[in-house]
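A.B. asks: Quick one, what's the 3D model for this:
(one chain, ligands or ions: 2)
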Amino acid sequence: MKESTKLPLTPLVNAGRYLPPLKRRYHVMAKPSGSTCNLDCSYCFYLHKEQLLHQDRDKGMSDEVLENFIRQYIATQDGEEIVFSWQGGEPTLMGLDFFRKVVELQKKYQPKHQRIENDLQTNGFLINDEWAEFLKEHRFLVGVSIDGPRELHDRYRVTRSGKPTFDRVMRGIETLKRHGVSFNTLVVINRVNARFPKEVYHFLTETVGSTYIQFIPCVEPVEFKHTAPQFWRDDTIPITGTRRAHPGDLDSIVTDWSVDPDDWGSFLIGAFEEWVNHDLGRVQVNVFETAVVQTMGLPAQLCVTAEFCGKALAMEKNGDVFSCDHYVYPEYKLGNIHRQSLAQMVFSERQQAFGMGKKNTLPEYCKTCPHLKLCWGECPKNRIVRAPDGETGLNYLCPGLKAFFSTAKPTLEKIAAMIQASPPL
Ligand code: SF4
Ligand code: SF4
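C.D. replies: Ligands and ions are numbered 1, 2, ... in the order given. Purely as a prediction, here's the structure:
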């Protein structure tokens, strides 16, 4: 474990000193229902937070927390656009009245010169006409989780009683489409669907009609329920490419459903080929768009491939704020919006150290990698293996990332050159 990747566990008494003179932009993922969900997906990284954070399952976000959050979130940002993201657990479990309150409060605090947007990430299960009308009227952008065609989706995305969910999710998507709600698809690439890149890609673009796709690799250390990232025991960390650094081994460091690092590479290569050949400029795929943009020398569009991170925090239903959605562990709690201001937490020395740690803790293996500027060691939560020379802090997905970047490089360069040569719109 690298000491420097841990947050300094100091109280936030001095945080106010680090408030910048000007307001800034940042992003908080709010979790109004906490980890409560109506499904029980095998790979969910959030369901166990109920025990970890001692949450009361029956209580959602109170009116007091909601209003305090909306007021502070708006007051501390000076961009033209303020984006609220509602996630879970399953946020639709809060009911429509909660979200009616959300838009009322946003109107109450909205300054004239700023636009407010809302994102809602859902499993699509509860979406009906009433929800769709509301989401359309208030211009919510909806992210729907779907893992591919029926047999791939139902492999891990099941109800609490283990039943398949594909039909209900597809019905939810059809309802959104009928009402003209903007939606994108969030696809968790796991050990099984990773082997079917073309099937998954064409299902999303053709059957679902998705024009914005987010591919998220499933990487879950076996100890993820009780051990926070970067707090792993040093002597248990394997070298990249060895038996324990793959899923399926009895002593593997990741869960059975985690994507194999090599399969992540072949999945990206397969889907990239389809994207380039059929959908360039028509369909947006998070990983590919940012690779093009970064090839052009512009800043990353995703935190995971950015040089630094730390500007995307998470807030639990009781107002507790954490460094990132993937770092909702007591060790990474920054405070609570009733006791510290959001700005104090977001711009605190502690959170800055967290964001800078993404670059500052890269192993030598990454620093000398030809793909560094497209990858930046990917997300620190996935840095759970050793480099071939034994140094800790290498990303579990590294073999796949390398394979993808090496294969895609010439095409990425051609696309970047094409864009740079085209006249501005
Ligand atoms: S820790 Fe990972 S997911 Fe969180 S902000 Fe950093 S790169 Fe993004
Ligand atoms: S491809 Fe591997 S070695 Fe290169 S920057 Fe990414 S994680 Fe590091």
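
A.B. asks: Tell me which stretches of the protein form helices.
C.D. replies: In the chain, the helices defined using DSSP state H lie at 49-52, 63-75, 96-109, 129-137, 150-156, 166-178, 197-202, 261-274, 286-295, 342-346, 349-360, 364-367, 372-375, 398-421.

A.B. asks: Can you add mean pLDDT, mean neighbour count and distance to ligand 1 and give those back as CSV?
C.D. replies: C-beta: built from backbone N, CA, C; applies to glycine. Output for the helices of the chain, formatted as CSV (pLDDT from 0 to 100; neighbours: other CB atoms under 10 Å; distance: least, CB to the nearest ligand atom, whole Å):
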stretch, mean pLDDT, mean neighbour count, distance to ligand 1
helix 49-52, 69, 16, 15
helix 63-75, 96, 18, 17
helix 96-109, 97, 16, 24
helix 129-137, 98, 17, 26
helix 150-156, 93, 19, 20
helix 166-178, 97, 18, 24
helix 197-202, 98, 20, 22
helix 261-274, 98, 21, 16
helix 286-295, 97, 21, 12
helix 342-346, 93, 25, 12
helix 349-360, 95, 19, 6
helix 364-367, 98, 16, 14
helix 372-375, 98, 18, 11
helix 398-421, 96, 17, 13
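
A.B. asks: Format those as JSON lines; extra columns: distance to residue 334.
C.D. replies: Shown next, in JSON lines, are the helices of the chain (distance: least, CB to CB, whole Å):
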{"stretch": "helix 49-52", "distance to residue 334": "16"}
{"stretch": "helix 63-75", "distance to residue 334": "13"}
{"stretch": "helix 96-109", "distance to residue 334": "22"}
{"stretch": "helix 129-137", "distance to residue 334": "31"}
{"stretch": "helix 150-156", "distance to residue 334": "31"}
{"stretch": "helix 166-178", "distance to residue 334": "34"}
{"stretch": "helix 197-202", "distance to residue 334": "36"}
{"stretch": "helix 261-274", "distance to residue 334": "31"}
{"stretch": "helix 286-295", "distance to residue 334": "26"}
{"stretch": "helix 342-346", "distance to residue 334": "4"}
{"stretch": "helix 349-360", "distance to residue 334": "6"}
{"stretch": "helix 364-367", "distance to residue 334": "27"}
{"stretch": "helix 372-375", "distance to residue 334": "27"}
{"stretch": "helix 398-421", "distance to residue 334": "29"}
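
A.B. asks: Of all the ones you listed, which one comes closest to residue 187?
C.D. replies: For the helices of the chain, the distance to residue 187 is smallest for helix 197-202, at 6.6 Å, taking CB to CB.

A.B. asks: Surely residue 42 is in contact with residue 218?
C.D. replies: No. Under the criterion of CB atoms under 8 Å, residue 42 makes no contact with residue 218, lying 9.6 Å away.

A.B. asks: residues contacting the residue nearest to residue 88 when sequence neighbours are not counted?
C.D. replies: Leaving aside its chain neighbours, residue 88 sits nearest to residue 33 (5.0 Å; criterion: CB to CB, 6 or more residues apart in numbering). When the contact criterion is CB atoms under 8 Å, 6 or more residues apart in numbering, the partners of residue 33 are 60-61, 88-91, 93-94, 317.

A.B. asks: could you redo the last one with a cut-off of 10 Å?
C.D. replies: Contacts for residue 33 (CB atoms under 10 Å, 6 or more residues apart in numbering) come out as 55, 57, 59-61, 86-95, 98, 317.

A.B. asks: same question, residue 118
C.D. replies: Residue 118 is in contact with 82-86, 99, 102-103, 106, 135, 138-142, counting by CB under 10 Å, 6+ apart.

A.B. asks: What sits closest to the closest residue to ligand 1 within the stretch 101-250 of the chain if chain neighbours are left out?
C.D. replies: Of all residues in the stretch 101-250 of the chain, residue 229 sits closest to ligand 1, at 7.8 Å by CB to the nearest ligand atom. Ranked by CB to CB, 6+ apart and with sequence neighbours excluded, the top spatial neighbour of residue 229 is residue 381, at 4.3 Å.

A.B. asks: Could you measure from the residue lying closest to residue 132 once chain neighbours are set aside over to ligand 2?
C.D. replies: In space, and not counting its chain neighbours, residue 132 is closest to residue 179: 3.8 Å by CB to CB, 6+ apart. Note on residue 179: its distance to ligand 2, by CB to the nearest ligand atom, to the nearest Å, is 41 Å.

A.B. asks: so residue 179 touches residue 129, yeah?
C.D. replies: Yes. Here residue 179 reaches residue 129: they are 7.2 Å apart, a contact under CB atoms under 10 Å.

A.B. asks: Now for residue 294: which residues touch it?
C.D. replies: Residue 294 sits next to 300-302, 305-307, 373-376, 412, 416 when contact means CB under 10 Å, 6+ apart.

A.B. asks: mind redoing it with 7 Å?
C.D. replies: Going by CB atoms under 7 Å, 6 or more residues apart in numbering, residue 294 touches 300, 305, 373-374.

A.B. asks: What of residue 395?
C.D. replies: Counting by CB under 7 Å, 6+ apart, residue 395 touches 377-378, 382-383, 401.

A.B. asks: returning to that earlier point: any chance of a markdown table for the contacts of residue 294, columns distance to residue 114?
C.D. replies: A markdown table is the format used below for those (distance: CB to CB, whole Å):
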| residue | distance to residue 114 |
| --- | --- |
| 300 | 25 |
| 305 | 28 |
| 373 | 33 |
| 374 | 33 |
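
A.B. asks: Residue 288: what's it in contact with?
C.D. replies: Contact analysis of residue 288 by CB under 7 Å, 6+ apart lists 272, 275.

A.B. asks: make it 8 Å
C.D. replies: If you count contacts by CB under 8 Å, 6+ apart, then residue 288 has 271-272, 275 around it.

A.B. asks: what's the answer for residue 402, then?
C.D. replies: Counting by CB under 8 Å, 6+ apart, residue 402 touches 265, 369, 371.

A.B. asks: Quick one: residues in contact with stretch 52-64.
C.D. replies: Residues from elsewhere that reach stretch 52-64 (CB under 8 Å, 6+ apart): 30-36, 49-50, 93-94, 98, 101, 225-226, 316-318, 320, 328-330, 338.
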